[in-house]
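In: dropping the sequence and predicted coords here.
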Amino acid sequence: MDAISAAASDPQYASPPPIVMIGQSPAAVERARRTAALSGMRLADVASFAGAPERIRQQARASALWIEIESDCGSDLDAVLAAASSEAEDGRCPAVVAAPFELLDAVAAQVSDSVQLVIDGSDSDRAAALAIALAGSTVPARLSDVASDRNTARLRQLSDEVSRIAATLARISSDPVAGGPELQKPAEGEIPDVPVDIVRSVIRARRLRSRYFSEELFADPAWDMLLDLLQAEIAQLRVPVSSLCIAAAVPATTALRWLKNMVDQGLFIRRADPHDARRVFVELAPQTSLALRRYFTDVGKVAVV
């Protein structure tokens, strides 16, 4: 068998199925084309939001769905997001949704955790999200020269970040030293009282560091989100996804990745807003709240930053 016929018959060398893109404007289409090109992929079709759910259902084979959102188009947007979530959840086709930060709550409330979200992402962020989506699918990846990949450094950084999240959360959930003893749901009267001013002072102190050093030196989104949710719980406030992403003090796409993992580990709970179907609140799980309150009680007056 000669080299040419071998390459043609090997599925690893065959071109992967194209990407189906749903966008709202020519500019959105161009951004998606650029992402596909950077990822070594091609676009099969470009569709508008009108009629997009049916177009998604009719797609015979695609590497991924790319949904490019620029503005809130109401029920059309909800229908597209529902269709993309269904495809991703059922394993038929991975999906990526790119959106501006102001639409984060509306989008996050409509899509499942099976969908990759990119919020105000750069070209490398978008290419990385597509790579993660494709890595979790059964579609054969296209082989390329990694050394010449313009996004290799970003993808490696992303891989390290995801690995660190998984390792940290696995330690919290299973390691008695790192996570402390297994906590049961506290009985009434057992929950330590932590003044909200103490938690707020810690949050302010953490934010003050950015006046003197780069925030990247102290990026710790899990701890920042824990503190913000504890503060809200004590003050009896509800925290939407967008607010929690701001509190994490990292790019929204990174914060969403941490949020998903914290929910998966049972540390956070997502609750739909009973008055607004397009908003989701996040709160501490009971055992997480108890652990944080005991931590502040044990630390006492020692500075916590």
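Out: Done, it's in. Numbering: from 1, shown residues only.
In: going by neighbour count, list what's buried in stretch 70-86.
Out: D76, L77, D78, A79, V80, L81, A83, A84, S85, S86 (16 or more other CB atoms under 10 Å). Heads up, the C-betas are built off the backbone N, CA and C, glycines and all.
In: same check, this time on stretch 280-290
Out: Neighbour counts over stretch 280-290 (16+ other CB under 10 Å) mark V280, F281, V282, E283, L284, A285, Q287, T288, S289, L290 as buried.
In: just the buried residues of stretch 70-86: which are in helices?
Out: Among the buried residues of stretch 70-86, the ones falling in helices (DSSP state H) are D76, L77, D78, A79, V80, L81, A83, A84, S85, S86.
In: nearest residue to the first one other than its sequence neighbours?
Out: It stands for D76. F49 (4.5 Å; CB to CB, 6 or more residues apart in numbering).
In: quick one, phi psi at that neighbour?
Out: When read as degrees, to the nearest 10, the backbone of F49 gives phi -70, psi -30.
In: and L227, what does it touch?
Out: Each residue near L227 by CB atoms under 8 Å, 6 or more residues apart in numbering is listed here: V199, V202, I203, R206, A247.
In: mind doing that once more with 7 Å?
Out: By CB atoms under 7 Å, 6 or more residues apart in numbering, the contact list for L227 reads V199, V202, I203.
In: going by neighbour count, which of the residues you listed comes out on top?
Out: V199 (24 neighbours; other CB atoms under 10 Å).
In: any idea whether that one is helix, strand or coil?
Out: helix (DSSP: H, G, I helix; E, B strand; the rest coil).
In: now do the same contact list for it.
Out: Applying CB under 7 Å, 6+ apart, one finds that V199 lies in contact with L227, L230, Q231, I234.
In: run the last query once more with 10 Å
Out: Shown in contact with V199 (CB atoms under 10 Å, 6 or more residues apart in numbering): 226-235, 292-293, 296, 304.
In: do the same with V280
Out: Taking CB under 10 Å, 6+ apart, one finds 105-106, 108-110, 239-242, 270-273 in contact with V280.
In: in helices only, show me the residues you listed.
Out: Within the contacts of V280, residues falling in helices by DSSP H are D105, A106, A108, V241, S242.
In: ok, back up a step: the residue nearest to D76 and C73 touch, don't they?
Out: Yes - between F49 and C73 a contact is recorded at 5.7 Å, counting by CB atoms under 10 Å.
In: now for the two: what residues contact both?
Out: Common contacts of F49 and C73 (CB under 10 Å, 6+ apart): Q24, A79, V80.
In: and which of those is nearest to F218?
Out: The shortest gap between F218 and any of those belongs to Q24, at 37.1 Å (CB to CB).
In: wait, is G40 part of a strand?
Out: No - secondary structure of G40 (three-state DSSP): coil, not part of a strand.
In: ok, it to D197 distance?
Out: Using CB to CB, to the nearest Å, G40 is found at 53 Å from D197.
In: which one of these two is surrounded by more residues?
Out: Taking neighbours as other CB under 10 Å, G40 and D197 compare with G40 leading, 16 against 10.
In: what is the mean pLDDT for stretch 23-39?
Out: Mean per-residue pLDDT for stretch 23-39: 84.
In: SS state for P17?
Out: P17 - assigned by three-state DSSP - is coil.
In: isn't it right up against C93?
Out: Yes - the pair P17 / C93 is scored as a contact, 9.0 Å apart, by CB under 10 Å.
In: higher neighbour count, those two?
Out: A count of neighbours by other CB under 10 Å puts C93 above the other of P17 and C93, at 22 against 18.
In: can you tell me the element the more buried one falls in?
Out: Remark: C93 resides in no helix or strand, with elements defined by DSSP states H and E.
In: what do you get for the one 5 residues further on?
Out: Using DSSP H and E, the element containing A98 is strand 95-99.
In: neighbouring strands of that strand in the sheet, and parallel or not?
Out: Using DSSP bridges, the strands paired with strand 95-99 are strand 64-68 (parallel), strand 116-119 (parallel).
In: so of the ones you listed, which one's packed in deepest?
Out: strand 64-68 (a mean of 28; mean count of other CB atoms under 10 Å).
In: so V280, which state does it fall into?
Out: Applying three-state DSSP: V280 is strand.
In: and it, what are its bridge partners?
Out: Beta-bridge partners of V280, as defined by DSSP bridges: A272.
In: how much space separates it from S114?
Out: 16 Å.
In: any idea which element L237 lies in?
Out: In this structure, L237 sits in neither a helix nor a strand according to DSSP H and E.
In: same check on A277?
Out: With secondary structure defined by DSSP H and E, A277 is part of strand 276-284.
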